[in-house]
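Peer 1: sequence unavailable; structure follows:
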DNA sequence: ACCTGAACACCGTTCAAGT
DNA sequence: ACCTGAACACCGTTCAAGT
């Protein structure tokens, strides 16, 4: 009977979710990426179990916190699809991707070590958003790439470099990939 | 006055260390790489604090457990230094290195994310053993490599690939590096 | 000197009770 | 339906007391 009987799966609870994300953003910035859940819940002014209800796993919360950054990264990828040189576009995006990963290490690690069970809807959305962006960029650059190179290969190398070193070094090392995956590598540099 | 007054910094304690390493090897194989310290200590038949005395950090214990494998890996590197093709030697070793890292993820992660404070003597020995092996292989292959490629670059990419994916995929992806770091990449394949 | 194991602190997770 | 916060279990770390 009430106006939001069937259509409103959320009442004031969505406010809690937003508050939790905002609090998480603050706490993560202050106390580092592995801050305690209790602290975040208290900061948001809700019970700790409410946090679990909205974000079953830590990765989910991180996805929510960094959602804006991720969509920005994907939009940047779309922009680069319009640029002149497909190869330049791919590697320009990879540079941004690397710095993105470097500051979200736990999220990137969850993507690799996390078993399939732990992968929730929210996490999956984040993962496919990035891989699909990479796939479009790789597909456009495909004529200039070795035929056996996939988007997954490129993402693996780039994120791996980001995980294994500091951002600056990761970018330097990603540049080396260019010859490695090119169909006809330029002889020098 | 006793025979081991000055020369014997260890009495029966070295036995405990050996027992701890053996127990850790067992428990890690059974319960995974992040098994609880208490369980390991109990298995070894010693108090938990004794474990901390011998191995202040988890990385130290892992280094001790995998010490044999690491020296084998480094000896394999030395053997490969005698082989005919320096480039083949380097990448043959990298393949073994990648599978090594893939099964010691926490150790590899400690090497990247661990702050400088946490790096103990034992940990440092392990780290330099591997990097020095890589450096010798890279130095011998240097004429075939781009002049700006360092051993650290190669290790970063290889261990990164190992961290970001399964061993098989990591090997596949390391093969792509070959053109990326070669001075004059072969035009095809 | 070296070891013991209890004690402490912390954190992720769950659950009965509220509204 | 949704939330609360106390309770539980677990684990890393420390420390006073033993030998």
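Peer 2: That came in fine, so what should we check first? Here the structure is a predicted model, which is why all the values come from computation and not from measurement.

Peer 1: against residue A:37, how distant is the residue in chain A that DNA strand D sits nearest to?
Peer 2: Relative to DNA strand D, the nearest point of chain A is residue A:49 (2.7 Å; Cβ to the nearest atom of the strand). (Each C-beta comes from the backbone N, C-alpha and C, glycine too.) For residue A:49, the distance to residue A:37 (Cβ to Cβ, to the nearest Å) stands at 10 Å.

Peer 1: quick one: which of those two has more around it?
Peer 2: Taking other Cβ atoms under 10 Å in any protein chain shown, residue A:49 and residue A:37 do not tie; residue A:37 has more neighbours (15 against 8).

Peer 1: which residue is the nearest non-sequential neighbour of that one?
Peer 2: Spatially, and ignoring its direct neighbours in sequence, residue A:37 is nearest to residue A:51 (5.8 Å; Cβ to Cβ, 6 or more residues apart in numbering or on different chains).

Peer 1: and the one you found, how far is that from residue A:40?
Peer 2: 6 Å.

Peer 1: now do the shared contacts for the two.
Peer 2: Common neighbours of residue A:51 and residue A:40 are listed as A:20, A:61 (criterion: Cβ atoms under 8 Å, 6 or more residues apart in numbering or on different chains).

Peer 1: longest helix in chain A, please.
Peer 2: For chain A, the longest helix by residue count, based on DSSP state H, is helix A:121-141.

Peer 1: quick one: is the helix or strand that it is followed by near chain B?
Peer 2: Counting by DSSP states H and E, the next helix or strand C-terminal to helix A:121-141 is helix A:151-164. Yes: judged by Cβ under 8 Å from any Cβ of the partner chain, helix A:151-164 and chain B are in contact via A:152-153, A:156-157, A:159-164.

Peer 1: centroid-nearest residue for chain A?
Peer 2: The residue lying closest to the centre of chain A (Cα atoms, centre = their mean) is residue A:70, at 5.4 Å.

Peer 1: mind listing the helices for chain A?
Peer 2: A:13-31, A:37-44, A:48-54, A:58-65, A:67-80, A:86-102, A:105-113, A:121-141, A:151-164, A:167-181.

Peer 1: count of neighbours near the residue lying closest to residue A:113 once chain neighbours are set aside?
Peer 2: Excluding its sequence neighbours, the residue lying closest to residue A:113 (Cβ to Cβ, 6+ apart) is residue B:105, at 7.0 Å. By other Cβ under 10 Å, the residues close to residue B:105 number 17.

Peer 1: who touches residue B:105 in this structure?
Peer 2: With contacts defined as Cβ under 8 Å, 6+ apart, the neighbours of residue B:105 are A:113, B:33, B:163.

Peer 1: let me know the closest of these to residue B:90.
Peer 2: residue B:163 (20.1 Å; Cβ to Cβ).

Peer 1: which residues are in contact with the closest residue in space to that closest one that isn't next to it in sequence?
Peer 2: Computed as Cβ to Cβ, 6+ apart, the closest residue to residue B:163 that is not its neighbour in sequence is residue A:163, at 5.3 Å. Residue A:163 sits next to A:101, A:105, A:108-109, B:112, B:160, B:163-164 when contact means Cβ under 8 Å, 6+ apart.
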